[in-house]
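Asker: Attaching a predicted model along with its sequence, questions to come.
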Amino acid sequence: MTTKILYVRLPCNPIFPIGVVYLADHIHKQFPDVEQRIFDLGTVPPLEFNQTLDQVVDEFQPNLLVFSWRDIQIYAPVGGRGGNPLQNAFEFYYAKNPLTRLRGALGGLKVATAYYGELWRNLGLIKRGLQRAKRYCPQARVVVGGGAVSVFYEQMQQLLPQGSIVSVGEGETLLEKLLRGQDLRSERCYVVGENQPRERMIHEEPTPLEKTACNYDYIESVWPAFDYYLQDNDFYIGVQTKRGCPHNCCYCVYTVVEGKQVRINPADEVVAEMRQLYERGIRNFWFTDAQFIPARKFIKDTEELLEKIIDSGMEDIHWAAYIRADNLTPKLCDLMVKTGMNYFEIGITSGSQELVRKMRMGYNLRTVLENCQDLKAAGFNDLVSVNYSFNVIDETVETIRQTIAYHRALERIFGADKVEPAIFFIGLQPHTHLEGYALNKGILNPGYNPMSLMPWTARKLLWNPEPLGSFFGEVCLQAWQQNPNDFGREVMKILEERLGCAPLEDALSAPIREEQRGNLRKELVALT
Ligand code: B12
Ligand code: SF4
């Protein structure tokens, strides 16, 4: 029987579905005879999800359905699909005015309804697709993976149909082994109803794989709606340049999803991939790496890539990425500007060196500042988003004042209008050090459901513990009220008005006092 694989990217904001594109490309290179089709529900209006899925299954009659699920949980101060989840939650938890609380409760209800609605809808689509495919091929199987499944893989066994294969992290070698009929036990996966996910499965390293340029001629031939992403110049099309992150930031799950081993995609292959997109009219690229420059030892690889982009003659492109700005050199800054970087995100989380160390982020904030100066000197004049998450561990009034000092220093470098403070509160995720910390401190109970959006659980997962929790709640509510369109800057302004700004030097130096040293040691032991 010929294998026919249908890739279904489950509904999601229209972010280019690079995951399924790479999977289909890899399988085609290994098994040129396998028939494949890509179907992206991100490009379909909600009322047509069921009907179009049925149509595609009827037409293509797949015997393997690969469902890719990108995001499940959104706790950001952005307009989510059911409203602004952070604002609604904060109005409900912290508003003093009963009417605002009521609005928060109603908003929260809307967000929760949208969240559970989407969850059940996606599970329904998986079941529907499988049942439909079984009409044509009774042995049809389902594999489910993607960012959201990687984070919540343990919960999936209660939700998915028996026999579904649940995958963590990258899926190329898993699909390859599945098609070869090989044993899947060495892959990060389990089969619902047949086996349990192994203990700490997400911490296992992914199978190494050398990535080659995606073949877009082929992708175009198996993806009828590919054009959708070519029509609008707003899209930043995903291109991956490496996989993995060696760091240990206490709240982050990327480092386990992608693994700690950084695997570089050869620069020539990355450029060849970009070139194909360029020739199709694409000018905006997002380097989808967990970190574009994960550590100093990868600076050379990054330079090589950017030099090759210059040599390729793609002069009018723009690109964006997550950047650890502690790993910049003047040469790299120059290359970044020359190759068209016009947006980047730095997730420093706090402007207090003391907290940055406590969160195990391995940053030196002074170096970040110096490197940002180099970037500005190289001619960078675009937007920087600086991600701050307040109140993660041991925040105090003093560390808040330091964060303000640090942010003002960044503004002096880039210009206040160019530095966008993105205020996040950490959405606590499973398999992170922070989860371990919350369990150790009794904030969460073992067996809690990390996918729950019930107010009593969500309050703990949306990490904003007391004694400062209510204070931040109040500040954020004031910011939404005063200036909802410039929320981040307004939060910074209110914090500065209320608490003042520390001398920059205090933010950059983190003297470890003896008693702190003891506490820190205990914390680190508890976190490990
Ligand atoms: C880059 C990135 C972004 C970029 C995307 C830019 C772009 N144009 O592509 C930006 C900054 C825009 C972004 C935004 C958001 N993101 Co984001 N993002 C990522 C990141 C770091 C990489 C994703 C990626 O493209 N990887 C490269 C591709 C090749 O990998 P992939 O798609 O995961 O596919 C591979 C595997 O997953 C697997 N796979 C995929 N599908 C399937 C299916 C099967 C069956 C199998 C076997 C395998 C498999 O194989 C693929 C190839 O190896 C991930 C974290 C991470 N390290 O994975 C978060 C992540 C996907 N993002 C996430 C979220 C929540 C968001 C936001 C919703 C956050 C927010 N609140 O604003 C927004 C969405 C914004 C919107 N408009 O909707 C979550 C989703 C999980 C969750 N919590 O629900 C992740 C996992 C981070 C996290 N741990 O929380 N993001
Ligand atoms: S926050 Fe960034 S640097 Fe830290 S572990 Fe995650 S991906 Fe790596």
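Answerer: Now that the structure is in, tell me what you want to look at. Ligands and ions are numbered 1, 2, ... in the order given.

Asker: Name the residues of the longest helix along the chain that are buried.
Answerer: As assigned by DSSP state H, the longest helix anywhere in the chain is helix 98-136. Under the neighbour-count criterion of 16 or more other CB atoms under 10 Å, helix 98-136 has 100-101, 103-105, 107-108, 111-112, 114-115, 118-119, 122-123, 125-126, 129-130, 132-133 buried. In this view, the C-beta of every residue, glycine as well, is placed from N, C-alpha and C.

Asker: Now the stretch of helix or strand Y388 belongs to: average pLDDT?
Answerer: Following DSSP states H and E, the helix or strand that holds Y388 is strand 383-389. Regarding strand 383-389, the rounded mean pLDDT is 95.

Asker: List every C-alpha atom in the next helix or strand after it, with coordinates, as PDB.
Answerer: For strand 383-389, the following helix or strand on the C-terminal side (DSSP H and E) is helix 397-414. Output in PDB follows, covering the C-alpha atoms of helix 397-414 (Å, rounded to 0.1, in the frame of the first residue of the first chain):
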ATOM      1  CA  VAL A 397      11.100  47.400  45.500                       C
ATOM      2  CA  GLU A 398      14.800  47.800  45.000                       C
ATOM      3  CA  THR A 399      15.100  45.300  42.100                       C
ATOM      4  CA  ILE A 400      12.100  47.000  40.400                       C
ATOM      5  CA  ARG A 401      13.900  50.400  40.700                       C
ATOM      6  CA  GLN A 402      16.900  48.700  39.100                       C
ATOM      7  CA  THR A 403      14.900  47.400  36.200                       C
ATOM      8  CA  ILE A 404      13.600  50.900  35.600                       C
ATOM      9  CA  ALA A 405      17.200  52.200  35.600                       C
ATOM     10  CA  TYR A 406      18.200  49.500  33.200                       C
ATOM     11  CA  HIS A 407      15.300  50.200  30.800                       C
ATOM     12  CA  ARG A 408      16.000  53.900  30.800                       C
ATOM     13  CA  ALA A 409      19.700  53.100  29.900                       C
ATOM     14  CA  LEU A 410      18.400  51.100  26.900                       C
ATOM     15  CA  GLU A 411      16.200  54.000  25.900                       C
ATOM     16  CA  ARG A 412      19.200  56.300  26.100                       C
ATOM     17  CA  ILE A 413      21.000  54.000  23.600                       C
ATOM     18  CA  PHE A 414      18.200  53.300  21.100                       C
END
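
Asker: How about the helix or strand just after helix 397-414, which residues are buried there?
Answerer: Counting by DSSP H and E, the next helix or strand C-terminal to helix 397-414 is strand 419-424. Neighbour counts over strand 419-424 (16+ other CB under 10 Å) mark 419-424 as buried.

Asker: Now tabulate the residues you listed in JSON lines and tack on distance to Q162 and pLDDT.
Answerer: As requested, the buried residues of strand 419-424 are arranged in JSON lines below (distance: CB to CB, whole Å; pLDDT from 0 to 100):
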{"residue": "V419", "distance to Q162": "51", "pLDDT": "97"}
{"residue": "E420", "distance to Q162": "47", "pLDDT": "95"}
{"residue": "P421", "distance to Q162": "47", "pLDDT": "95"}
{"residue": "A422", "distance to Q162": "42", "pLDDT": "92"}
{"residue": "I423", "distance to Q162": "43", "pLDDT": "90"}
{"residue": "F424", "distance to Q162": "38", "pLDDT": "83"}
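
Asker: In a markdown table, list those along with distance to K297.
Answerer: Output for the buried residues of strand 419-424, formatted as a markdown table (distance: CB to CB, whole Å):
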| residue | distance to K297 |
| --- | --- |
| V419 | 28 |
| E420 | 30 |
| P421 | 30 |
| A422 | 28 |
| I423 | 32 |
| F424 | 28 |
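
Asker: Out of those, the closest to ligand 2 would be?
Answerer: Distance to ligand 2, by CB to the nearest ligand atom, is smallest for F424 among the buried residues of strand 419-424, at 11.5 Å.

Asker: how close does the closest one get to F390?
Answerer: 9 Å (CB to CB, to the nearest Å).

Asker: Name the strands paired with the lengthiest strand in the chain and say parallel or antiparallel.
Answerer: Determined from DSSP state E, the single longest strand within the chain is strand 341-349. For strand 341-349, the paired strands and their directions (DSSP bridges) read strand 318-322 (parallel), strand 383-389 (parallel).

Asker: Give me the neighbour count for the residue lying closest to E187 once chain neighbours are set aside.
Answerer: Distances taken as CB to CB, 6 or more residues apart in numbering put L174 closest to E187, at 4.4 Å, once the chain neighbours are dropped. When neighbours are defined as other CB atoms under 10 Å, L174 has 25 of them.

Asker: Show me what the helix or strand containing L174 is packed up against.
Answerer: L174 is located in helix 172-180, with elements delineated by DSSP H and E. Where contact means 3 or more CB pairs under 8 Å, 6 or more residues apart in numbering; DSSP states H and E, helix 172-180 is packed against helix 18-30, strand 141-145, strand 165-167.

Asker: ok, 10 Å please
Answerer: Helices and strands touching helix 172-180, by 3 or more CB pairs under 10 Å, 6 or more residues apart in numbering; DSSP states H and E, are strand 4-9, helix 18-30, strand 64-68, strand 141-145, strand 165-167, strand 189-191.

Asker: Mind putting those into CSV with mean neighbour count?
Answerer: Formatted as CSV, those follow (neighbours: other CB atoms under 10 Å):
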stretch, mean neighbour count
strand 4-9, 24
helix 18-30, 21
strand 64-68, 26
strand 141-145, 24
strand 165-167, 25
strand 189-191, 22
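
Asker: Now distance to ligand 2 and mean pLDDT too, for these, in a markdown table please.
Answerer: Converted to a markdown table, the helices and strands packed on helix 172-180 look like this (distance: least, CB to the nearest ligand atom, whole Å; pLDDT from 0 to 100):
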| stretch | distance to ligand 2 | mean pLDDT |
| --- | --- | --- |
| strand 4-9 | 23 | 98 |
| helix 18-30 | 17 | 98 |
| strand 64-68 | 21 | 98 |
| strand 141-145 | 19 | 98 |
| strand 165-167 | 20 | 98 |
| strand 189-191 | 23 | 97 |
